[in-house]
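Enquirer: just need the structure, nothing else, for what follows:
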Amino acid sequence: MGRSPLPALVALAALALVPVAGRIHGDEPLIQIDTAFVQADGDRAWTIGNPAIRYSIASGNSGIVATGIVDPTSGQDWHQRDAADGFVTVGGVRYDLGSNAMQFVEATTGEWWGGVRLNLRYLLAAQQLEITRTYAVYPASAVIETWTTYHASGTRAVTLSDLNDYTLTVPNATARWITGTSAPDESGGAFTRVGQDLDDNQVLEIGSDTRASEQQVPWFGLGADDTPVFFGAMLWSGSWRLRLQRHGDSVDVRLGLPNFATTLSGGSSLETPHAVFGFTTEAMPVVSMALRGFIDHALRHGRPYGAYVSYNTWYSYYTALDEGSLLAEMDMAASLGVEQFVVDAGWWPSMDGDPSVDFVHGWGTYQVDMDRFPDGLSALSDHAHQLGMRFGLWVEPERVDRNTIGQPGSAAERMLAMRDGRYDPLVPNSQALSAQICFADPQARDWIIGRLSDLIDTVHPDYLKWDNNFWINCNRSGHAHGTGDGNFLHMRGVDMVRDELRSRYPDMQIEDCSSGGNRLSLDMLAYSDVSWMSDRTAPAGRVRHDLEGLIDIFPAPYLLSFAVTTDTEPMNNDDPVFDLRTLMRSRMPGAIGLSMVTREMSGGTLAGLAGQIALYKYIRPILVSGNAMRLTPQQIDHPDAPWSGWDVVEHVSPATGDAVLMAFDTADAPLSTLVKPRGLRADVLYQVESADYGDLGSVRGADLMARGVEIQASDVSRSHVVILHAQPPSVERR
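Expert: Here you go, the predicted model:
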């Protein structure tokens, strides 16, 4: 599946399953957890939902089909056609899930991560295949999660293909998606929000054959910014495919894996990646709100976000690392208010390439360079902890320098991924410096778990930066995969390794990094705690562009970028023309990091950095618990048309009602902009505070949303942070 819950918790959840056969006619819900429920609507008919969404399935002439996708508040039914909501090809024959070709066996319900799930089990007797179609829903969300489990009940192998997550027909509207990391600048670059109206019978296909978000982020929407939006997403960081086809006033939606074949041996099981679909509502008017309950329950399982202010060594030192320099940098970082110090690539021996940027040579031994770190990395970890900071360390588990193969404790050659006999399809094997480890291979998984565990047990990091800079879809024999399913089973293996690490080190946080954001998918919120968005962490406007493209889907504290100093945007607080506040604040809509040589900075610049770090910590509680939304169009930096105007983002906390507006203007922008916050508490009085000018007075939430907030250009900075503090009733009475 797109995410693997922790094994111990899976067992507990399995015990909660309750067979419902024999009581499907009851008027009361079959199960209800908080506001999430499953109810029986008759013979072989069920509804799963909560106050924000209801999904109905019932037996019809062709089998068990989808019959409704309803917003209970407005009464809108997004469902357009009664039909099977998924399909699969077994042994070359396509079957609709739940069709009359399958024998219905039973329905079961159960608690599932604070929500509920409904399992519909079928038997495809001719293929000796058991099929369980699962639906889940959670409180405080407007999405349905679904996946399918296949079990070969006999002794013979079964070949599966067309592993489809769902097929639905919904009203036609503008198709929306977000570009991936490889999108060219000419089309807006990475993480640009795209909209396209489909012609009648037109087909739109997007997806990836490699890592999830190289071409497009695995998410789609149907609708306009000012109307309810039907949306969906794959919970999978490998290959995927979306197909939309318009038929008059309707659109057929197919979401799932590319059409490869995989073999299920007798007695074994396969679970598809999970996927979600849902819609925005009056109470949850943006996708981030509709998704948040699902993310918190189904993916995070209540696991908090750190959103620590981090220092990372990459852009400041690259691989030219040594113990003395880093200890001094730690001292300075701690004095600025940095909470976490991360040693990036370059801490191992045999760095015989370009010492500034080469991090391939020698990688794979997991040994520390004792010449540069005579006291070992644990000395750095200990020093960070003495300063009150957390300590982090870079690794790239899925790649090694081929020169390390055969060294004591290193990977074996048979573990290396190959594509058509090559380690790297672009060069002959004799020229391939590095190679990918194929995690579909059980021996490779055991090897990497052992190496990472030894490293973690020695260094005691609080944080692991998991990078991925090389990718091929392996089709080498002997790796427990076939010629076409290497991508799928490698990602399954990666998930297994991450599950094991989480089990062994439950308090250690993990950063996802894949040459930037090549694995940005919702399932990564289960495996990692923060994601490095892009290697392009400057200029500041580009960082805001990326954040504004992604915050509809991913919570703000999950999206990491670094503040860096460059020739065109130096971190210099001694000259106001450089506007240090804007450079720092452009990273604040997400998780903020620093990567700069602070010992070369003036006292005024260091004080400026410390002040902005303090501001981030001040607003962080809103970012961590809140939902994010754009109040203006996404900032777009096109090479031939530089951005001009205002871009504004709002974060609002459903827990407290507090909100923060972050606004940015350009030199030729209007002198002010009027924006209308959303999601505030209408009957609550808000104290309005400017980060630069202090208290601005009190206004009721309803007035703020109806009349808006006018933000004026300032001589202090081109960035503006406005905090809206929800006041308790006692304050209003005084």
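Enquirer: which helix or strand lies directly C-terminal to the longest helix anywhere in the chain?
Expert: Counting residues, the longest helix in the chain under DSSP state H turns out to be helix 603-625. Counting by DSSP states H and E, the next helix or strand C-terminal to helix 603-625 is strand 627-630.
Enquirer: and the helix or strand just after that next one, average pLDDT?
Expert: The helix or strand immediately downstream of strand 627-630 is strand 646-652, counting by DSSP H and E. Strand 646-652 carries an average pLDDT of 98.
Enquirer: pull the CA atoms of strand 646-652 into CSV?
Expert: What follows is strand 646-652, C-alpha atoms only, in CSV (Å, rounded to 0.1, in the frame of the first residue of the first chain):
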residue,chain,number,x,y,z
TRP,A,646,1.2,40.8,-4.1
ASP,A,647,1.1,37.2,-3.0
VAL,A,648,-0.7,36.4,0.3
VAL,A,649,-1.0,33.1,2.3
GLU,A,650,-3.2,32.5,5.3
HIS,A,651,-2.8,29.9,8.0
VAL,A,652,-5.7,29.4,10.4
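Enquirer: and that strand, what does it pack against?
Expert: The helices and strands touching strand 646-652, judged by 3 or more CB pairs under 8 Å, 6 or more residues apart in numbering; DSSP states H and E, are helix 540-550, helix 603-625, strand 627-630, strand 659-665, strand 672-675. The way it works is simple: take the backbone N, C-alpha and C, and place the C-beta from them, glycine included.
Enquirer: quick one: the longest one to chain centroid distance?
Expert: The reference is to helix 603-625. Distance of helix 603-625 from its chain centroid, counting by CA atoms, centre = their mean, to the nearest Å, is 25 Å.
Enquirer: what's the nearest residue to Met234 if we skip its chain neighbours?
Expert: Nearest non-adjacent residue to Met234, counting by CB to CB, 6 or more residues apart in numbering: Pro218, 4.0 Å away.
Enquirer: distance of the one you found relative to Ser239?
Expert: According to CB to CB, to the nearest Å, Pro218 stands 10 Å off from Ser239.
Enquirer: picking that back up, just give the number of residues close to the residue nearest to Met234.
Expert: 34 (other CB atoms under 10 Å).
Enquirer: circling back: rebuild the helices and strands packed on strand 646-652 as a markdown table, extending it with mean neighbour count.
Expert: Formatted as a markdown table, those follow (neighbours: other CB atoms under 10 Å):
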| stretch | mean neighbour count |
| --- | --- |
| helix 540-550 | 25 |
| helix 603-625 | 18 |
| strand 627-630 | 24 |
| strand 659-665 | 25 |
| strand 672-675 | 16 |
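Enquirer: helix or strand for Asp358, which one?
Expert: Here Asp358 is assigned to no helix or strand, by DSSP H and E.
Enquirer: from Ala435, how far out is it?
Expert: For Asp358, the distance to Ala435 - CB to CB - is 16 Å.
Enquirer: who's more crowded, those two?
Expert: In this view Asp358 and Ala435 are compared by other CB under 10 Å, and Ala435 has more residues nearby, 26 against 17.
Enquirer: look at that one and report its pLDDT.
Expert: 97.
Enquirer: cool, and Val18?
Expert: You'll see Val18 listed with a pLDDT of 36.
Enquirer: mutual contacts of Pro218 and Ser239, please.
Expert: Residues touching both Pro218 and Ser239 (CB atoms under 8 Å, 6 or more residues apart in numbering) are 207-208, 212.
Enquirer: so where's the stretch 551-700 of the chain uncertain?
Expert: Residues of the stretch 551-700 of the chain meeting the criterion pLDDT under 70: 639.
Enquirer: how is this protein partitioned into domains?
Expert: According to automatic domain parsing, the chain comprises the domains 7-299, 310-399+450-472+508-625, 630-733.
Enquirer: end to end, how far does stretch 347-362 reach?
Expert: Taking CA to CA, to the nearest Å, stretch 347-362 runs 10 Å from one end to the other.
Enquirer: can I get the domains of the chain in JSON lines including distance to Tyr423?
Expert: Compiled in JSON lines, the domains of the chain are given as follows (distance: least, CB to CB, whole Å):
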{"stretch": "domain 7-299", "distance to Tyr423": "16"}
{"stretch": "domain 310-399+450-472+508-625", "distance to Tyr423": "8"}
{"stretch": "domain 630-733", "distance to Tyr423": "35"}
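Enquirer: and the gap between the closest residue to Cys438 other than its chain neighbours and Pro425?
Expert: Nearest non-adjacent residue to Cys438, counting by CB to CB, 6+ apart: Ala417, 4.0 Å away. Using CB to CB, we find Ala417 at a distance of 11 Å from Pro425.
Enquirer: so which helix or strand of the protein has the lowest pLDDT on average?
Expert: helix 7-15 (a mean of 28; mean pLDDT, DSSP states H and E).
Enquirer: list buried residues within the shared contacts of Pro218 and Ser239.
Expert: Among these, the ones that count as buried by 16 or more other CB atoms under 10 Å are 207-208, 212.
Enquirer: helices - which of those land there?
Expert: Among these, no member lies in helices (by DSSP H).
Enquirer: out of those, which is nearest to Phe341?
Expert: For these, the minimum distance to Phe341 (CB to CB) is 29.6 Å, reached by Ala212.
Enquirer: the closest one contacts Leu522, correct?
Expert: No - Ala212 is beyond contact range of Leu522, at 9.6 Å (criterion: CB atoms under 8 Å).
Enquirer: which residues do those two both contact?
Expert: Shared contacts of Ala212 and Leu522, counting by CB under 8 Å, 6+ apart, come down to 218, 234.
Enquirer: rewinding a little: Ala417 and Pro425: which is more packed in?
Expert: Ranked by neighbour count (other CB under 10 Å), Ala417 and Pro425 place Ala417 first, with 27 against 12.
Enquirer: so what's that one up against?
Expert: Ala417 touches 423, 435-438, 472, 474, 476, 479, 486, 490, counting by CB under 8 Å, 6+ apart.
Enquirer: how about Ala175?
Expert: Counted by CB under 8 Å, 6+ apart, Ala175 has contacts 195-198, 204, 220-222, 244, 251.
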